[in-house]
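Asks: Next input, structure requested:
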Amino acid sequence: MKIDEIKLLYEFNDWADARILAACARVSPEQYAAPATIGTGRGGLRATMVHLLDSTWQSRIALQGYYEKPLADEAAYDATELHEDAFPTLAALQERWVTEQREMWAYIDTLTEETLNGMIRYVIPGAVREHVVWHLLLDTINHATQHRSEAAVLLTGYGQSPGDFDFGMFLNERAQGKS
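Replies: From the prediction side, this is the model:
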C-alpha cells in the first residue's frame, strides 16, 4: 500500500461520514436518541453513530501505541470506550467527530511507506494482535462502512436516506471538485 492510496481511502471515508452525519442532522432529537425498532447491529441511531466513532478512535489509539502493553485490568479497557451517554445530542457527537477526524489525519500524515507497510502489535484482553498497519487502517474503513449502512437503514426509516456511498460516486464528485 502507498501513502497516497491510504489517504484517498480516508478521504472517501470522511466523505461518506459527512453524508451520514448530514442525514442525522435532518432527524429530530427524539429520533436520533431513540432505541432501534428494527434489527440493526448496535441499536438506535445514536448508539450506531457512537460505535462508529468509537471504533475509529480505538483503531487510531491502537495504531499510536496505546495498547502496546497490557492495561492494568479489563476495566481499564472499558474506560477507553466511548459510550452513548457521553453524546446526548448530535452536536456533541459531531464535535468529537471533528476532533477524531483531525487526530486520525495527524496520524496518517506521520506515516511513511515503511511504517504503513510495517507491523503493529497491540494487546487486548485475552489476546495479542499483530497486523500490517495498512490492514488495520483499511479494516477501520470497512468497519465504518458496515455501521454507516446500519445507520442508513435507520435514517431511511425516518424518511431521511443519506443516499449512496459508492466509492465511484466519491471519485466522480472529487473529479468534479464537489467533495
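Asks: from here on, contacts and neighbour counts on C-alpha atoms
Replies: Noted.
Asks: Helix or strand for the residue most central in space within the chain, just tell me which one.
Replies: In the chain, the C-alpha nearest the mean C-alpha coordinate belongs to Thr56, at 3.8 Å (CA atoms, centre = their mean). Following DSSP states H and E, one finds Thr56 within helix 45-63.
Asks: Let me see the mean pLDDT of that helix.
Replies: Mean per-residue pLDDT for helix 45-63: 94.
Asks: which ones are touching Ile3?
Replies: Contacts for Ile3 (CA atoms under 8 Å, 6 or more residues apart in numbering) come out as Leu111, Thr112, Glu113, Leu116.
Asks: so what's Asp78 scoring on pLDDT?
Replies: 59.
Asks: so which strand or helix has the closest residue to Pro162 other than its chain neighbours?
Replies: Nearest residue to Pro162, sequence neighbours excluded (CA to CA, 6 or more residues apart in numbering): Ala23, at 5.2 Å. Under the criterion of DSSP H and E, Ala23 resides in helix 3-24.
Asks: Mind listing what's buried along that helix?
Replies: Going by neighbour count (16 or more other CA atoms under 10 Å), the buried part of helix 3-24 is 3, 6, 10-13, 15-17, 19-21, 23-24.
Asks: Could you do stretch 24-42 as well?
Replies: Cys24, Arg26, Val27, Gln31, Tyr32, Ala33, Ala36, Thr40, Arg42.
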